[in-house]
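Engineer: Sequence and computational prediction follow.
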Amino acid sequence: MTATPETGESLFPAGTVEPDYVLDRALDTDAAGVLDSVAAADREHWMRARAFVEEDLLPVIGEHWDRAEYSLDLVRRLGELDLLRDGVAVEGFAPMSKTAAGLVCMELSRGDGSIATVTGVQGGLAMRSIAMCGTEEQRQRWLPRMATGELLGAFALTEPTHGSDSVGLETRASPVEGGWLLNGEKKWIGNGSMGGITVVWARSDADGRVHGFVVPQESEGYTGTTIPGKLALRAIHQAHIRFENVFVPEENVLPAARSFKDTAAVLFATRIGVAWGAVGHAQACYESAVQYAAQRVQFGRPLAASQIVQERLARMLSELTQIQLLVARMTEREEAGTLTAEQASLAKYTATRAARSIAANARDLLGGNGILVRHRVARHFADVEALHTYEGTETVQALIVGRGITGISAFA
C-alpha cells in the first residue's frame, strides 16, 4: 500500500521514490556525421538489426544475461531476419557489404555483447571458414542452414594452453582409412556445446601443418562442456571441448585450409567486425550515461546541469567519435581490398581500448545504479572486457602494429 485510504496521498516523503529510469533508447549518436552517407542497402541491414534489438532483444536480454541463459529463440530470430551471416555470401541470400556487416555488428552490440558474439561465431568464424576454405559442395551442404540458424556452428582454435600463441596448437589430426582421427582439447569455443557443427583446426601428423575439419558435435568421442562461472558474455555459452579419437570423414576436410596462414586469413576477415562491436558497446554506454544524466536529480537539479558531468560526457563523445571515424575508414579500405593486417589490428586495439574507457566512465557516472544489470551499463562494462581479449588480445594487436612500425617481429 503506497497511499492513505482517506486522502490518497503518498505515504512516502517527496524525493524518496526513485524514478524508473529509461536508459536504452537509441540516440543515433554520430557527432561527425560518419554514417550520414551510408548506402540505402547497407542502411536496410542496419535498420533490420535495430528493429531486432528494440523489439526482440532489449525486453528480455537483461534476464538472460543475469541468469546466464543462452536463448536459441533469439538465435532463430536472427536467422529469420538474415542477421547471422556477418557478410558471408550465401546463395539465395541478399548481398551484404562489409559496411552493412559492420553496422549490424555495431547495432547488435549496442543491444548486447552476447548476441553480437553469436553472429561473430556463427557467421564471422564458422561460416566464413567454410566459405573461404571449403568446396562448393561443402558450402551448399552447410551454409544455407547456418544462415537461417537451423544449424549452429562453432570455431575451435583456442586451446587450454594455447591462447595468444595459437600457432602452436597441439590438437592432432591423424590420417586413417577414409578420413582422420582428432585428439586434443579446445577451450572458449562459442556454440561448442550447443549441437551443430564445429570447425576444428588441428595439426596434421602427416605434414605438421594446421588443417581445418568440420566435425558434427554428435560425433563419437566429441565432448563439449559448457564453461560455468563467466562474468562476461553470459548469454552465450562457450565450451571446453575434448576430442578422443573423433573420426572425421574425408568429405568433411576443408581442402583450402592447408596451413595456419589460412586460419589467420579467417581471423583477419573478422577483426574489423570486432572493432565495430566495440563501437556499439561504447555507444550503448555513452547513450545510457546521457539519458541518466538527464533523468537523475541530485542537489535539486539534474546531473546534466553539473559542469563535471558535462565534461565527462564531452570526453566520452570525443572517444566515441574517434573510433567511429577510425572504424568507418578502415572498413572503406577493407571494401577496397587495401586493408593491411596492421591497420585491422590498430582498429581493434584502439576501438576496444576506447570502449573500455567509455564504459568505465559511464559506470561511474551512474553511481550505485551503474552496477545493476537492468541499467545495462554494467552488462556492457563486463562484456567489453571479453571483446578486448577475444580475436587477439590487446598485446597481440600491439605486437602486430609494432612489427609494422619497426619491421621487427617481437612475438618470440
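Structural biologist: Thanks, I have it.
Engineer: counting contacts, what elements does the helix of greatest length in the chain pack onto?
Structural biologist: The longest helix of the chain (DSSP state H) is helix 260-295. Using 3 or more C-beta pairs under 8 Å, 6 or more residues apart in numbering; DSSP states H and E, the elements in contact with helix 260-295 are helix 98-111, helix 113-119, helix 128-133, strand 210-216, strand 301-302, helix 307-336, helix 341-365, helix 377-389. For glycine as for every other residue, the C-beta is placed from the backbone atoms N, C-alpha and C.
Engineer: repeat that for 7 Å
Structural biologist: helix 98-111, helix 113-119, helix 128-133, helix 307-336, helix 341-365, helix 377-389 (3 or more C-beta pairs under 7 Å, 6 or more residues apart in numbering; DSSP states H and E).
Engineer: Check which helices and strands the second one sits against.
Structural biologist: Other elements packing on helix 113-119 under the criterion 3+ C-beta pairs under 7 Å, 6+ apart are helix 72-80, helix 98-111, helix 260-295, helix 377-389.
Engineer: mind listing what's buried in that helix?
Structural biologist: The neighbour-count check on helix 113-119 (16 or more other C-beta atoms under 10 Å) flags 113-119 as buried.
Engineer: so which of the residues you listed comes closest to His388?
Structural biologist: In terms of C-beta to C-beta, no member of the buried residues of helix 113-119 lies closer to His388 than Gly113, at 10.9 Å.
Engineer: circling back: with distance to Ala206 as added columns, please give the buried residues of helix 113-119 in CSV.
Structural biologist: Output for the buried residues of helix 113-119, formatted as CSV (distance: C-beta to C-beta, whole Å):
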residue, distance to Ala206
Gly113, 40
Ser114, 39
Ile115, 40
Ala116, 38
Thr117, 34
Val118, 35
Thr119, 35
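Engineer: any chance of these in JSON lines, plus pLDDT and distance to Ile227?
Structural biologist: Formatted as JSON lines, the buried residues of helix 113-119 follow (pLDDT from 0 to 100; distance: C-beta to C-beta, whole Å):
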{"residue": "Gly113", "pLDDT": "97", "distance to Ile227": "16"}
{"residue": "Ser114", "pLDDT": "97", "distance to Ile227": "14"}
{"residue": "Ile115", "pLDDT": "97", "distance to Ile227": "18"}
{"residue": "Ala116", "pLDDT": "97", "distance to Ile227": "19"}
{"residue": "Thr117", "pLDDT": "97", "distance to Ile227": "14"}
{"residue": "Val118", "pLDDT": "97", "distance to Ile227": "16"}
{"residue": "Thr119", "pLDDT": "97", "distance to Ile227": "20"}
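Engineer: Name the nearest of the residues you listed relative to Phe411.
Structural biologist: Thr117 (26.2 Å).
Engineer: Over stretch 132-140, what's the mean pLDDT, rounded is fine.
Structural biologist: For stretch 132-140, mean pLDDT rounds to 97.
Engineer: List the buried residues of that stretch.
Structural biologist: By neighbour count on 16+ other C-beta under 10 Å, the buried set for stretch 132-140 is 132-134, 138-139.
Engineer: Let's check: the centremost residue of this structure is which one?
Structural biologist: When C-alpha atoms, centre = their mean is applied to the chain, the residue found nearest the centroid is Thr117 (3.2 Å).
Engineer: On the secondary structure side, give me the element for the closest residue to Val373 other than its chain neighbours.
Structural biologist: Nearest residue to Val373, sequence neighbours excluded (C-beta to C-beta, 6 or more residues apart in numbering): Asp66, at 4.9 Å. Asp66 belongs to helix 58-67 when assigned by DSSP states H and E.
Engineer: Average pLDDT for that helix, rounded please.
Structural biologist: 96.
Engineer: residues of that helix that come out buried?
Structural biologist: Here helix 58-67 shows 58, 61-62, 64-65 as buried, counting by 16+ other C-beta under 10 Å.
Engineer: Now do that helix against helix 98-111, angle only.
Structural biologist: Counting by axes from the mean of the first three to the mean of the last three C-alpha atoms, to 10 degrees, helix 58-67 lies at 70 degrees to helix 98-111.
Engineer: Sweet, I'm off.
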